[in-house]
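[1] Sequence and predicted structure are below.
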Amino acid sequence: MTYMPKIDRRSFVVGTAAAGAGYALGFHLPSGADVAHADDATPEVNAWVVIDPDDTVIIRIAKSEMGQGTLTGLAQLTAEELGCDWSKVTFEFPTPGQNLARKRVWGDYFTAGSQGIRSSNQLVRKGGATARMMLVQAAADGWKVPAAECTAANSVITHKASGRKTTFGKVAAAAAKVQPPTDVPLKDPKTWTIAGKPLKRLDTPAKIVGKPIYGIDVRLPGMLYAAISACPVFGGKLTSYDETKVTDMPGVKHVVRVGDDAVAVVADSWWRAKRALDALPVVWDEGDNAKVSSATIAQFLKEGLDAAEAFVGNQAGDAKGAIAGAAKVVEAVYSYPYQSHAPMEPMNATAVYTSDRCDVWCPTQNGESALAAVAEASGLPVAQCDVYKTILGGGFGRRGQTDYVRQVVAIAKQVPGTPIKLLWTREEDTTHDVYHPITQCKMRGAFDAKNNLIGLHMRISGQSILAYQLPARMVNGMDPLVFVQGLAPKGPEGEFGYNIPNLLIDHAMRNPPIPPGFWRGVNLNHNAIYVETFMDELAHAVGEDPLAFRLKYLKPKHAAVLRAVAEKAGYGKPAPKGIYRGIAQIMGFGSYVAGCAEISVTNGHVKVVRIVGGTNCGQAVNPEQIARQVEGSFVYGLSAMLYGECTVRGGRIEQRNFDTYQVMRIDEMPKVEFVIMPDGEFWGGVGEPTIAVAAPAVLNAIFAATGKRIRNFPLKNNNLSAA
C-alpha cells in the first residue's frame with residue numbers, strides 16, 4: 001500500500017500538527033458551487049479572503065516569505081481594502097496547483113527582484129475590496145436595505161440610518177453566495193489606516209516560539225532522507241560509483257544516480273545518508289572545464305574591456321569623440337567577483353512520488369516554476385502534481401532555481417510511495433550555486449577646459465544571467481538586464497541618474513562556464529560601485545566636493561534622495577575626529593536610493609561606524625518594515641564588499657563553507673539610520689535597491705580616510721580588513 005499524505009489548511013504532518021499561527025501550507029479546494037473552506041466548512045468569501053465565524057480573517061498570500069516581510073505587506077493591503085480588524089488577521093499559502101486550477105486567480109508566484117508587493121498590489125487590493133463589497137451586500141440583503149447605506153470598518157458592518165450592526169463572521173457564509181462586483185473602486189492611499197502604517201509583522205510571534213515550518217523542518221510518516229553529491233566541476237558528469245562499499249552501512253536503503261552528474265544515498269536518517277555518501281567511491285568525468293581558473297576567467301573578461309564589439313544600452317551624443325578632444329580624461333578599471341547566495345537554510349525539498357501523483361514540499365521563491373519542474377521531472381501531467389510552499393530560511397534569488405526540486409523528484413521516482421527528504425550539505429550549497437555574475441568595467445570621463453563633465457564611457461565586460469538562465473528574454477543577442485539596473489536611458493526600473501551630454505554605456509558579453517544567477521540586488525550591485533566610486537574620482541580630479549559635484553549633474557528625483565540622506569547624516573558639518581564620510585546614490589528596482597557611510601581606519605582595519613540610508617520607493621506599505629529592509633540590505637551589501645568572493649581552481653569553486661566564505665558578524669554591523677521619503681507617485685521595490693549603495697559609500701569613505709582607491713573586491717584582498 002502506498003502512502004500519499006493529505007494536506008489541509010489546519011494540519012500539516014511535521015512531527016506534531018502545525019495548526020494556527022497562520023502557517024498553513026495549502027488547503028483543499030471545493031468543487032462545484034460549494035465554496036466552503038477546507039474541512040471545517042468555513043466560508044470562502046473569495047479567493048483572497050476566508051472568514052471564520054469568530055471573525056478570524058485568513059488572507060491568502062501567493063508570494064513567498066523569506067524574512068523580507070512580503071506576506072505582512074500584502075496582508076496589510078488586502079486588510080485595508082477589506083476593512084477588517086487587523087488584530088484578527090492570519091494567513092495561508094495557496095499552492096500553485098490550486099492557482100492553476102482556478103485560472104491563476106492569485107496571479108504569478110514569482111517572488112524576487114523586489115517585486116513581491118509592487119507587482120501584485122493592485123491584485124490583492126482588489127481581492128480585499130471585492131470581499132468587503134460582498135460582505136456589505138450580504139448584510140444589506142439581510143436587513144433589506146441598499147448596500148450604499150452600509151459601511152464596513154474594523155470587521156463590523158453598520159447600517160448608518162438605523163444603527164444596526166453585524167460582524168464579518170456572521171455574514172461571511174451569506175457573502176460567499178453574493179455575485180462578486182465587477183466595478184471595484186480602491187481606497188485613496190491618503191485614507192489608509194492599516195496599509196501605510198508601521199504594523200508589526202504577522203510572522204514574528206510564531207517565529208519567536210519556533211512554530212513556523214521551514215523546508216528543513218518537514219516530516220512525513222515513513223520518510224527517508226537523501227544526501228547528494230554532484231560533480232564538483234561545472235559541466236562535469238558522473239562516471240561511476242561503487243555502492244557495494246556502503247550498502248551495509250547502518251540505515252542505508254538505496255544508492256541512486258541523479259541525472260547525469262550526481263549520486264545520492266537514501267537512508268533512515270540524514271546523518272547516516274551523509275556518512276555513507278562520504279564513504280562512497282565516486283568517479284567523475286570533469287571535462288574541459290577542469291582547466292578553468294580565476295586567472296583564465298579574469299583574462300577572458302579583460303579582453304572585453306577594449307573589444308571592438310559591444311552591446312549598447314545607453315547612448316547620448318558622441319562620448320568617444322568628447323573623450324578624444326577633452327581637456328582632461330580620467331580613467332579607472334574595476335572588477336567584481338563571483339559571490340555565493342549563502343542562505344542559512346541550505347537547499348532542500350521533500351517529495352512523494354507514485355505512478356499517478358507527485359507532491360513536493362519545499363522553500364521556493366517561485367511556486368509555479370517549482371511545480372513545472374516537478375511535472376517535468378516526474379513525467380506526470382501538471383494537474384497530478386503540486387508544490388506545498390514553506391517559509392524560506394533565506395532566498396536572495398537562489399531559491400528561484402529549481403535544481404534541488406528536480407533532484408528530489410528524481411530520487412523519489414526511484415523509491416515510489418515513500419516520502420524522500422533531500423537536504424544539501426553546506427559544502428554542496430556553496431559549491432553548486434548560481435553565483436553573482438563576475439564582471440570587469442572600464443570607466444572613462446572627460447572634462448572641458450572649465451572642468452565641466454562633458455563625456456562618460458562605461459564599458460562592462462562580463463557575464464549575462466539571461467544568456468544562461470532565460471535566453472528567450474535576450475534582445476537581439478543583448479542582455480537588457482545589464483542596463484535596466486541603474487544604467488537605463490529612461491524607464492521606471494533603473495534610470496541612469498546623471499545628465500551627461502555625451503554618454504556611452506555598453507556591454508561586452510563574456511560568459512565563462514561558472515553558472516551566474518540572480519543574487520540579491522543582481523547587476524545593480526556592481527553597477528552602483530562602478531558609477532558611484534568613479535563619480536567620486538571625477539569630483540576629486542577637478543577638486544570639487546563629491547556631493548556638490550553630483551548634484552550638478554543628477555536628475556531631480558535622484559538628487560532629492562541623496563540630498564535628504566546627506567542632510568540626515570550631517571554631511572555639511574565636520575565629522576568627528578577620525579571619522580570619514582562617503583556617499584553614493586542609484587536607482588534600481590523602481591526606487592531611488594542613497595547612502596552616506598561613516599568609517600574609521602586604524603592600522604589597516606576599517607570600521608564602518610554608521611550608515612544613513614534613504615529611499616523614495618513611491619508607496620510605503622509598512623515604514624517600519626522598510627527600515628528593517630534597509631538594515632538587512634546593508635548587512636548583505638557590506639558582507640559582499642568586505643568578504644564576498646568565490647574563486648575558481650580546476651573548474652570548481654574553492655570556497656566550501658562559512659570558514660572560507662565569510663559573512664559579517666554582528667559586532668561588525670554599523671549603526672543604521674534611514675530616511676523614507678515616498679512621494680506616492682509609483683510602486684518601487686524595497687528589499688534590494690539599498691544593497692547597492694552600501695559598498696560605494698564605504699569605498700568613497702575609505703578614500704577620504706586613506707587616499708587609496710579600491711577598484712577590485714572584496715576589501716580583504718586590498719590589505720584592508722574589517723575592524
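    Noted; the coordinates are in hand.

[2] how many other residues sit next to the closest residue to G491 other than its chain neighbours?
    Leaving aside its sequence neighbours, G491 sits nearest to V484 (C-beta to C-beta, 6 or more residues apart in numbering; 7.2 Å). Any C-beta I mention is one placed from the backbone N, CA and C, and that applies to glycine too. Residues near V484, counting by other C-beta atoms under 10 Å, number 21.

[3] cool, and the one 3 residues further on?
    Other residues within reach of L487, judged by other C-beta under 10 Å, total 28.

[4] and the nearest residue to S155 once chain neighbours are set aside, what does it touch?
    Sequence neighbours aside, D85 is the residue nearest to S155 in space, at 4.0 Å (criterion: C-beta to C-beta, 6+ apart). If you count contacts by C-beta atoms under 8 Å, 6 or more residues apart in numbering, D85 has them with 55, 57, 154-155.

[5] now, which of those residues sits nearest A377?
    Compare each of the contacts of D85 with A377 using C-beta to C-beta and the shortest gap goes to V57, at 37.0 Å.

[6] for the closest one, phi and psi?
    As for V57, its main-chain torsions (degrees, to the nearest 10) stand at phi -110, psi 120.

[7] what about the residue nearest to G491, distance to G685?
    Plainly put, V484 is 13 Å away from G685 if you go by C-beta to C-beta, to the nearest Å.

[8] Arrange the contacts of D85 in CSV, one row each, with pLDDT as further columns.
    Formatted as CSV, the contacts of D85 follow (pLDDT from 0 to 100):
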residue, pLDDT
D55, 97
V57, 98
N154, 98
S155, 98
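
[9] top of those by neighbour count?
    Of all these, V57 has the most neighbours under the rule other C-beta under 10 Å, reaching 27 neighbours.

[10] quick one: contacts for that residue?
    Counting by C-beta under 8 Å, 6+ apart, the residues that V57 touches are 49-51, 79, 82, 84-85, 88-90, 155, 168.

[11] and the next element down the chain from the strand or helix carrying L456?
    With secondary structure defined by DSSP states H and E, L456 is part of strand 453-462. Counting by DSSP H and E, the next helix or strand C-terminal to strand 453-462 is helix 465-469.

[12] Please pull up the helix or strand immediately following that following helix.
    Once the chain leaves helix 465-469, the next helix or strand it forms, by DSSP H and E, is helix 481-484.

[13] what's the weakest-modelled helix or strand in this structure?
    Sorted by mean pLDDT, DSSP states H and E, the helices and strands of the chain end with strand 16-17, the least confident at a mean of 30.

[14] now E243, nearest residue through space, not along the chain?
    Ranked by C-beta to C-beta, 6+ apart and with sequence neighbours excluded, the top spatial neighbour of E243 is V255, at 3.8 Å.

[15] so that neighbour makes contact with V265?
    Yes: V255 lies in contact with V265 (C-beta atoms under 8 Å); the separation is 5.4 Å.

[16] joint contacts of those two?
    With contacts taken as C-beta under 8 Å, 6+ apart, the residues that reach both V255 and V265 are 246, 276, 280.

[17] What about those, which are in strands?
    With strands defined by DSSP state E, no entry of the shared contacts of V255 and V265 lies inside them.

[18] ranking those residues by neighbours, who comes first?
    Looking at these with neighbours defined as other C-beta under 10 Å, the largest count falls to A276 at 24 neighbours.

[19] which residues does that residue contact?
    For A276, the residues meeting the contact criterion (C-beta under 8 Å, 6+ apart) are 227, 246, 249, 251-252, 255, 265, 267.

[20] one step back: can you add distance to V387 and give the contacts of V57 back as TSV?
    Converted to TSV, those look like this (distance: C-beta to C-beta, whole Å):
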residue	distance to V387
V49	23
V50	21
I51	26
A79	26
L82	27
C84	29
D85	32
K88	29
V89	25
T90	22
S155	32
F168	31
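
[21] what about S600, which SS state?
    Recorded secondary structure, S600: strand (DSSP: H, G, I helix; E, B strand; the rest coil).

[22] Distance-wise, check the residue nearest to S155 relative to D55.
    Here the distance between D85 and D55 works out to 7 Å (C-beta to C-beta).

[23] which residues do those two both contact?
    S155.

[24] ok so, going back, I'd like to know which of the contacts of A276 are buried.
    By the neighbour-count criterion of 16 or more other C-beta atoms under 10 Å, the contacts of A276 include these buried positions: 227, 246, 251-252, 255, 265, 267.

[25] Confirm for me that V292 is in contact with V648.
    Yes: here V292 reaches V648: they are 6.0 Å apart, a contact under C-beta under 8 Å.

[26] Go through stretch 151-162 and flag the buried ones.
    Across stretch 151-162, burial judged by 16+ other C-beta under 10 Å covers 152, 155-159.

[27] ok so, going back, so for the strand holding L456, mean pLDDT?
    Confidence over strand 453-462 (mean pLDDT, whole number) is 98.

[28] What are the buried residues along that strand?
    Using 16+ other C-beta under 10 Å as the burial criterion, the residues of strand 453-462 that qualify are 453-462.

[29] Distance to L538 added to those, as JSON lines?
    What follows is these, written out as JSON lines (distance: C-beta to C-beta, whole Å):
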{"residue": "L453", "distance to L538": "6"}
{"residue": "I454", "distance to L538": "11"}
{"residue": "G455", "distance to L538": "11"}
{"residue": "L456", "distance to L538": "8"}
{"residue": "H457", "distance to L538": "13"}
{"residue": "M458", "distance to L538": "12"}
{"residue": "R459", "distance to L538": "16"}
{"residue": "I460", "distance to L538": "18"}
{"residue": "S461", "distance to L538": "21"}
{"residue": "G462", "distance to L538": "23"}
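
[30] Report the two of those residues separated the most.
    Checked with C-beta to C-beta, the buried residues of strand 453-462 reach their widest spread between I454 and G462, with 27.2 Å between them.

[31] mind putting the buried ones among the contacts of A276 in TSV, pLDDT and secondary structure included?
    As requested, the buried ones among the contacts of A276 are arranged in TSV below (pLDDT from 0 to 100; DSSP: H, G, I helix; E, B strand; the rest coil):
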residue	pLDDT	secondary structure
A227	99	strand
V246	98	coil
G251	98	coil
V252	98	strand
V255	98	strand
V265	99	strand
A267	98	strand
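
[32] Just the closest of those to G400, please.
    The shortest approach to G400 among the buried ones among the contacts of A276 belongs to A227, at 23.6 Å (C-beta to C-beta).

[33] Report the contact partners of that closest one.
    Applying C-beta under 8 Å, 6+ apart, one finds that A227 lies in contact with 264-265, 267, 270, 273-274, 276-277, 422-423, 425.

[34] From E428, how far out is it?
    From A227 across to E428, the span is 8 Å (C-beta to C-beta).

[35] Over to G637?
    As it turns out, when the distance is counted by C-beta to C-beta, G637 lies 26 Å from E428.

[36] When those two are compared, which one has more neighbours?
    Between G637 and E428, counting by other C-beta under 10 Å, G637 is the more crowded of the two (30 against 21).

[37] Done for today, thanks.
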